[in-house]
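Undergrad: With the input below, show me the fold.
(one chain, ligands or ions: 2)
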Amino acid sequence: MRCEIVMTRNTDSLIAQISRLKTEKNAVILAHYYQTGDIQDTADFVGDSFALSRQAKDTGADVIVFCGVLFMAESAKILSPQKTVLLPVMDAGCPMADMVTPEDVKALRARHPGAAVVCYVNSSSAVKAVSDVCVTSSNAVKIVKALKGKQIIFVPDQNLGRYVASQAPEKEVILHSGYCPVHHNLTAREADNARAAHPAAALLAHPECTEAVLNKADFIGSTGQILRYAGQSSKKEFIIATEKGILHELGKNNPGKSFYPLTPELTCADMKKTRLSDVRDALLNGRHRIELDEDVMNRARRCLDRMLELA
Ligand code: 13P
Ligand code: SF4
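TA: Residues are numbered from 1 along each chain as shown. Ligands and ions are numbered 1, 2, ... in the order given. Model (predicted):
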C-alpha cells in the first residue's frame, strides 16, 4: 500500500516535470501505440506509424520527443529537418529494420532492373535513401496499386509484402526475407486456441503476421486501423494479433468491450524500453538528438514525401 502511494507520487512528479519542460522548450511528445500506458497517457499525440509521420511533419513545436523506436525518430527528423528530434532511449531499435541494408537493396535492383523499390517505414534512413517510395502498414496496398510498373521489390517485411501481393494480384512482388520477430512467431494453432477460448470474438491482425495467421483473421490492418475497426464494430469481444501496448487505447476507447491478446507474451521489448524518467531526461538534457547525414536525409525525404502524396 505504502509502496503504491510512493509510486503514484513519483509518477505525478515526473508528469509535472515533463509538462513544465515541454512548455519551456516548446516541445511535443509523440508516442506509438506499443509504448507503455503511462507514456501514451503523457503524450500529446499517439498514433500508428503513418499518423505519427504526418504529425511530425506538421507540428509547430521546436522539439519532437519521439517515444517509439529509432526508425520512427529518424523519419520524424527527415520530415522535419529544422526541428530537434529526441529519442529518449537511444538503443530502442527495431530488429526488422536492421534486417535490410542499402547494399541488399542495390543487389535486388541489379537482379531486377526496372522494378520499383518499395520500403516499409520500418527501415533505416540509409535504406529509404536508396528506395523509390516508402509505405506503412496502413497504406502499403494503396500505394503499391498506384505505382505504374508491374514489378515491385518490397523490403524488408516478407509478411507485409506477401499480404500486399495477395491484395494486388496485378503486381509481381519480389520479397525480401525480413520479418518482425514479435508478429512472425505467432502461429495458426495459437489463433485456433484463442478462437476456441473466445468463440464470440472477432480476430483482428496486423499484416506483419504470417499468412497462416492472417488467413484466420476477420480484419487485417495497422494499429490505427485495428483501433478504428474495434470502435465501429457491433462485436463486444476481440482477439488482438499485434503488440500488447495497443490494448491500452483499445480499453480506454471501448469501455463496454473486451480485448484479448492472441498470446500472453505479445510484447516488443524495444518499444517497452522508454520510461517516464527517460522522457523527462530527454527534455532536460536534449538527448538523444537524431543527427543524420544531409545527403542521406534529402534522398530519404523523397521516398517519404512520395508516400505522403500517394497515401
Ligand atoms: P503501425 O502502427 O503502423 O501499424 O506499425 C506497427 C509497427 O510494428 C511499428 O513498429
Ligand atoms: Fe519492430 Fe516488430 Fe517491434 Fe514493430 S513490433 S518495432 S516491427 S520489432
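Undergrad: Up against ligand 2, what does this structure have?
TA: Residues of the chain lying close to ligand 2 by CB under 6 Å from any ligand atom are 69, 94-96, 122, 180-182, 208, 243, 268, 270-271. From N, CA and C alone the C-beta is placed, and that goes for glycine too.
Undergrad: near ligand 1 too, which of these?
TA: Within those, those near ligand 1 by CB under 6 Å from any ligand atom are C94, N122, C180, E208.
Undergrad: Tell me the confidence at the nearest residue in space to A27 that is not next to it in sequence?
TA: Spatially, and ignoring its direct neighbours in sequence, A27 is nearest to V63 (3.8 Å; CB to CB, 6 or more residues apart in numbering). V63 is assigned a predicted lDDT (pLDDT) of 98.
Undergrad: From P264, how far out is V63?
TA: Distance, V63 to P264, by CB to CB, to the nearest Å: 37 Å.
Undergrad: between the two, which one's more packed in?
TA: For V63 versus P264, neighbours defined as other CB atoms under 10 Å are more numerous around V63 (21 against 8).
Undergrad: distance of that one from S80?
TA: Taken as CB to CB, the span from V63 to S80 is 10 Å.
Undergrad: Kindly report the same for Y260.
TA: Distance from Y260 to S80, by CB to CB: 38 Å.
Undergrad: Give me the mean pLDDT for the one helix or strand A230 maps to.
TA: Assigned by DSSP states H and E, A230 belongs to helix 223-232. For helix 223-232, the mean pLDDT works out to 98.
Undergrad: and E24, how many neighbours?
TA: There are 11 residues near E24, going by other CB under 10 Å.
Undergrad: Same check on E294?
TA: 8.
Undergrad: go on, the one 4 residues further on?
TA: The local packing count at N298 equals 13, with neighbours defined by other CB under 10 Å.
Undergrad: measure stretch 37-46 end to end?
TA: Across stretch 37-46, the terminal residues are separated by 11 Å (CA to CA, to the nearest Å).
Undergrad: Same question for stretch 14-33.
TA: For stretch 14-33, the separation between the terminal residues is 21 Å (CA to CA).
Undergrad: quick one: contacts for the residue nearest the centre of the chain?
TA: Centrality entry for the chain: nearest residue to the mean C-alpha point is S49, 4.2 Å, by CA atoms, centre = their mean. Applying CB atoms under 8 Å, 6 or more residues apart in numbering to S49 gives the contacts H32, M72, S75, V121, N122, T136, S137, S138, S222.
Undergrad: change it to 10 Å
TA: Counting by CB atoms under 10 Å, 6 or more residues apart in numbering, S49 touches 32-33, 68, 71-72, 75, 120-122, 134-139, 222-224.
Undergrad: so where do the strands sit in the stretch 201-311 of the chain?
TA: For the stretch 201-311 of the chain, applying DSSP state E, counting those that start in this stretch gives strands covering 202-205, 219-220, 237-241, 258-261.
Undergrad: Out of these, which gets nearest to N285?
TA: With distances scored as CB to CB, the stretch of the strands of the stretch 201-311 of the chain nearest to N285 is strand 258-261 (35.2 Å).
Undergrad: could you say what helices and strands that closest one packs with?
TA: helix 188-197, strand 237-241, helix 246-253 (3 or more CB pairs under 10 Å, 6 or more residues apart in numbering; DSSP states H and E).
Undergrad: Of those, flag the one that's most buried.
TA: Ranked by mean neighbour count under mean count of other CB atoms under 10 Å, the helices and strands packed on strand 258-261 are led by strand 237-241, which reaches a mean of 23.
Undergrad: Having no further points to raise, I will conclude here.
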